[in-house]
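[1] Using only what follows, build the 3D model:
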Amino acid sequence: MSQSNFVRSRQAHNAEDFRRLLEMNLYHVRGQAIQSASHLDAYDALSVTVRDQLIDRMHRAVEAYFEANPKTVHYLSAEYLLGKQLEQNLLYTDTEGMAREALAHYGLELDHYLDLDVEPGLGNGGLGRLAACFLDSLATLGIPCVGYGIRYGFGIFKQSWESGWQVEKPDEWLLYGNPWEFPQPDDMQRVGFGGRTEHTTGKDGKPAVVWHPDETVLGEPCHMLVPGYGVANVNILRLWRARASEEFDFECFDAGDYTRAVEKKIHSENISKVLYPNDNTPQGQELRLRQQYFFVTCSLRDILQRYRLMNNGWDALPDKAVIQLNDTHPVVAIPELMRILVDEENLDWERAWDICNRTFASTQHTLLPEALEEWPTELFGRLLPRHLEIAQEINRRFLAEVRANHPDDPDLARRVSLFHEDGEQRLRMAHLACVGSFSVNGVAELQSRLLREQVLVDFARIYPDRFNNKTNGVTPRRFMRLANPRLSELITGKIGDGWLRDLDELKRLEPLADDAEFRRQWREVKQLNKHRLGAHVAEKYGLALDPTSLFDVMVKRLHEYKRQLLKALHIITLYDRIKADPAAEVLPRTFIFGAKAAPGYHMAKLIIRLINGIGEVVNADKDVAGRLKVVFLENFNVSLGEMIYPAAELSEQISLAGKEASGTGNMKFALNGALTCGTLDGANVEIRERVGEENFFLFGLNTEEVQARIAAGYDPRAVLADDPELQAVLARISSGEFASGNAELLQPIVDSLLEKDEYLLLADYRAYIASQEQVEAAYRDTEAWTKSAILNTARCGFFSSDRSMREYAKDIWGVETLVVPERGEKAEG
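    Numbers count the residues shown, from 1 in each chain. The predicted model follows:
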């Protein structure tokens, strides 16, 4: 290749090409010579060099999409938990070897720069990680997609401990910039808030409505590349940053009022500063609604612009674009699209509603009533007056149909109304999603059934064909190949690497579960992964873990229904037994926690303090003699998860049955060979069905039993009265033993259990202790445990996000794959 073509294409074919591009980017992007470059300069130049390998693919993808004009998926999500990008993109561009050799030329090591890579602060829990897995799979499958979200300046928060308490600090992930994004300030969108509506007559003489906002904010897009694995396809994730329409008031500044001079800028840009601001205050509620509308209207305008580039008129919109609403956060998109079509494009209501109703599909991720978002109509109408009018009109027409079609149920209209009328009137976003979408899916078989039969039963009756299930999945590229390279190498050595694109290939491992040599190799990989995690814990916390102990792991968002507290009660039970008989035979265990509590969630924070307190006591007790260790890892995120999942041996999935939507951590653990101790909740049900009940430790009430127990008048004190061991456990908490002697500090936890026990921890306690005794017996049989671990991995190919996306594409979206050609080839689709 000539020098000019090489510079123009910026594609590396060998290590020497990569080194030359690295030098060019160091000079031309960072403005540094090799001799004066810092490690940050080198990291940035390296990242841009890898990114350059994707840009040519992106250009070919754009050309192929424009030529074919396919139906495109537009995925709207309030969060994306992407994980670090450098190692992933090295894998997807097949340039890791080139990069290592090029850096070695300068005496540098790639691993150092992998550590410098920063995880984007764009998400929090399973919702965001699922969205990231879905984008990865869509690109890998060759399905055209644009993801939309918010470019949060500080993510959710960076978690640390002070005296056992959670402390939140800003996640300054953008402090040194983000080499993986492309800002596009020339493509900003205008976003209105507040003001009034004017009902007038249009130019055609028909009634018209004009919204006059009294505040305007700008949305600046930045996009990140989303490459597929093993294909040339590259999709994009488009993120919006809030900018002030008036950044500086010179009059105020000139008068010496420097704070007011930038007040509007601060107020506007707060919209995209933090993920999920605390909504315990009216100001926090308002900011959340502003965030949701901000990213929704920016995204819709971008979607419509893309549509109009290749299409005329609006009637074909549902044939060329499908908009998937990831939970209730983006549901305000439904009245916003109606506003654009009716008020700005002058479509009549019936035509606009038909287009709207055939364009949106929605996913419901929860069964918790408090998570089914509702907005006070006073707040909604004050911020979005025209959207409130549209929601009211949607509701009026919808309820007229309900009354006409279901005269036998006069109360049905009240139950399904978009507006909750008991007390403060509130707009119910889940109801709006059901009415305004052509598809409403759950994310696990059990949760989807409960949506149809209980949570949204009336809507399932009205729209039976809209409701469906699409069980979640995870990407094996990140959570096996990148997170667990040793296991991936072992698997690939036996069955080839086709499993990375077809996870059902893992079934071919089943016969190897009976191979003693393969079991030995499997255990060797697990031990190396445990040593790796142990080294991290020793370096960060000064705590030595026993790599021969059972690594018993619970990492997930902190919520009472997930029942981290039940795990804590188990640990105290074991500790109490040791204190009663220090010579008792106890299986050595290392209990590993990771979780963030929402800043305003006091009980969740108190549970964190309890678990840290348990660790302080148990880890230092000479009677325990190292047989039990408790560590709560700070700031759980994707990167930490990639270290934990491969090392875990027991996966704690112990939420109260009927509360968890699906869970994806359960899938990541199982795919990495951990056995599950869990309830029949979320995707646990499907995992157990596939791995075999003999390879799953089941305990606890099922959903029907939970509901019957509550209906019969559940009394936690009666449970306690019949269980002396449980009494001793709660007495230890009340004593202040785990709170540096402060008997009052943790008492609210005990009071909550005795007065209500909303999530039936005491009811499930004895069954949970029994299941853990089964775990102990099973772990002592090393060969049998290893066989079960192998079968967990071999039988969990179903839980791939590739499978999930194929089902969405076929059953909901009606989209086709379009494989982007390699250079010189023709697109397949």
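[2] doesn't residue 359 make contact with residue 318?
    Yes. With contact defined as Cβ atoms under 8 Å, residue 318 reaches residue 359; the gap is 4.7 Å. Every C-beta, even on glycine, is put in place using the N, C-alpha and C of the backbone.
[3] Assign residue 216 to helix, strand or coil.
    For residue 216, the assignment made with DSSP: H, G, I helix; E, B strand; the rest coil gives strand.
[4] so how far is residue 341 from it?
    21 Å (Cβ to Cβ, to the nearest Å).
[5] Counting neighbours, go ahead and name the busier of those two.
    residue 341 (21 against 15; other Cβ atoms under 10 Å).
[6] part of a strand, is that one?
    No. Residue 341: not assigned to a strand; according to three-state DSSP it is helix.
[7] Excluding chain neighbours, what is closest to it?
    Distance criterion Cβ to Cβ, 6 or more residues apart in numbering; nearest residue to residue 341, sequence neighbours excluded, is residue 352 at 3.9 Å.
[8] Same question for residue 783.
    residue 519 (6.3 Å).
[9] Would you mind measuring from that neighbour to residue 786?
    4 Å.
[10] again, but for residue 28
    Between residue 28 and residue 786 the distance, using Cβ to Cβ, works out to 53 Å.
[11] ok, now residue 573?
    From residue 573 to residue 786 the distance is 27 Å (Cβ to Cβ).
[12] Name the helix or strand for the nearest residue to residue 402 once chain neighbours are set aside, please.
    What sits nearest to residue 402 in space, not counting adjacent residues and going by Cβ to Cβ, 6+ apart, is residue 413, at 5.1 Å. Per DSSP states H and E: residue 413 is located in helix 412-416.
[13] same for that helix, what does it pack against?
    helix 385-405, helix 457-462 (3 or more Cβ pairs under 8 Å, 6 or more residues apart in numbering; DSSP states H and E).
[14] how about those helices in JSON lines, adding mean pLDDT and mean neighbour count?
    As requested, these are exported to JSON lines (pLDDT from 0 to 100; neighbours: other Cβ atoms under 10 Å):
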{"stretch": "helix 385-405", "mean pLDDT": "98", "mean neighbour count": "17"}
{"stretch": "helix 457-462", "mean pLDDT": "97", "mean neighbour count": "17"}
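[15] Make a markdown table from the ones you listed and add distance to residue 471 to it.
    Listed next are these as a markdown table, based on distance: least, Cβ to Cβ, whole Å:
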| stretch | distance to residue 471 |
| --- | --- |
| helix 385-405 | 30 |
| helix 457-462 | 18 |
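[16] Let me know which of those helices is the nearest to residue 129.
    Counting by Cβ to Cβ, residue 129 lies closest to helix 457-462 out of the helices and strands packed on helix 412-416; the figure is 27.8 Å.
[17] So which elements touch the helix or strand containing residue 134?
    Element membership for residue 134, per DSSP H and E: helix 126-141. The contact analysis (3+ Cβ pairs under 8 Å, 6+ apart) places helix 126-141 against strand 72-76, strand 145-150, strand 215-227, strand 234-244, strand 321-326, helix 801-807.
[18] could you check the angle strand 72-76 makes with that helix?
    160 degrees (axes from the mean of the first three to the mean of the last three Cα atoms, to 10 degrees).
[19] picking that back up, can you name every helix or strand that whichever helix or strand comes after the helix holding residue 413 contacts?
    Next helix or strand after helix 412-416 toward the C-terminus (DSSP H and E): strand 419-420. Packing contacts for strand 419-420, counted by 3+ Cβ pairs under 8 Å, 6+ apart, involve helix 385-405, strand 426-428.
[20] and if we set it to 7 Å?
    On a contact count with 3 or more Cβ pairs under 7 Å, 6 or more residues apart in numbering; DSSP states H and E, strand 419-420 meets strand 426-428.
[21] Show residues contacting the strand it packs on.
    374-377, 380, 391, 418-420 (Cβ atoms under 7 Å, 6 or more residues apart in numbering).
[22] Strands of the stretch 501-650 of the chain, residue ranges please.
    Under the criterion DSSP state E, counting those that start in this stretch, strands of the stretch 501-650 of the chain are mapped to 550-555, 589-594, 628-633, 650-653.
[23] so can I have TSV of the ones you listed showing distance to residue 615 and mean neighbour count?
    Formatted as TSV, those follow (distance: least, Cβ to Cβ, whole Å; neighbours: other Cβ atoms under 10 Å):
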stretch	distance to residue 615	mean neighbour count
strand 550-555	13	24
strand 589-594	8	24
strand 628-633	4	23
strand 650-653	16	28
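[24] So for residue 100, which of these sits nearest?
    strand 628-633 (29.2 Å).
[25] Let me know the angle separating that closest one from strand 550-555.
    30 degrees.
[26] Given strand 628-633, what are its sheet partners and their directions?
    Applying DSSP bridges to the sheet, strand 628-633 is found paired with strand 589-594 (parallel).
[27] Contacts for the strand it pairs with, please.
    Residues outside strand 589-594 that contact it (Cβ under 7 Å, 6+ apart) are 545-546, 549-555, 564, 571, 611, 628-633, 636, 640, 644.
[28] now swap in stretch 438-452 and tell me
    Contact with stretch 438-452 is made by 357-358, 360-365, 367, 433-434, 460, 466-472, 658, 661-662, 681-683, 685-686, 703, 812, as judged by Cβ under 7 Å, 6+ apart.
[29] at 6 Å what do you get?
    357-358, 361-365, 367, 434, 460, 466-472, 661-662, 682-683, 685-686, 812 (Cβ atoms under 6 Å, 6 or more residues apart in numbering).
[30] buried residues in stretch 342-361?
    Within stretch 342-361, the residues that count as buried by 16 or more other Cβ atoms under 10 Å are 342-343, 347, 352-353, 355-356, 359-361.
[31] Now that stretch: average pLDDT?
    For stretch 342-361, mean pLDDT is 97.
[32] what's the answer for stretch 211-221, then?
    pLDDT averaged over stretch 211-221 gives 96.
[33] Please state the offset of that stretch from the chain centre?
    Put simply, stretch 211-221 sits 28 Å off its chain's centre (Cα atoms, centre = their mean, to the nearest Å).
[34] looking at this, residue 106 is in a helix?
    No. Residue 106 sits outside any helix when classified using three-state DSSP, being coil.
[35] hmm, who's touching whichever strand or helix holds residue 709?
    Assigned by DSSP H and E, residue 709 belongs to helix 703-711. Residues external to helix 703-711 that are found in contact with it (Cβ under 6 Å, 6+ apart): 657-658.
[36] Buried residues, it. List them.
    So, applying 16+ other Cβ under 10 Å, buried residues of helix 703-711: 703, 706.
[37] so for it, what's the average pLDDT?
    The average pLDDT within helix 703-711 is 97.
[38] Please apply the same query to stretch 297-309.
    Averaging the model's pLDDT scores along stretch 297-309 yields 97.
[39] can you check stretch 663-683 too?
    97.
[40] ends of it, how far apart?
    Across stretch 663-683, the terminal residues are separated by 6 Å (Cα to Cα, to the nearest Å).
[41] related to what we said a few turns ago, among the buried residues of stretch 342-361, which ones are in helices?
    Members of these lying in helices (criterion: DSSP state H): 352-353, 355-356, 359.
[42] Nearest to residue 299, out of those: which one, please.
    The shortest approach to residue 299 among those belongs to residue 359, at 12.8 Å (Cβ to Cβ).
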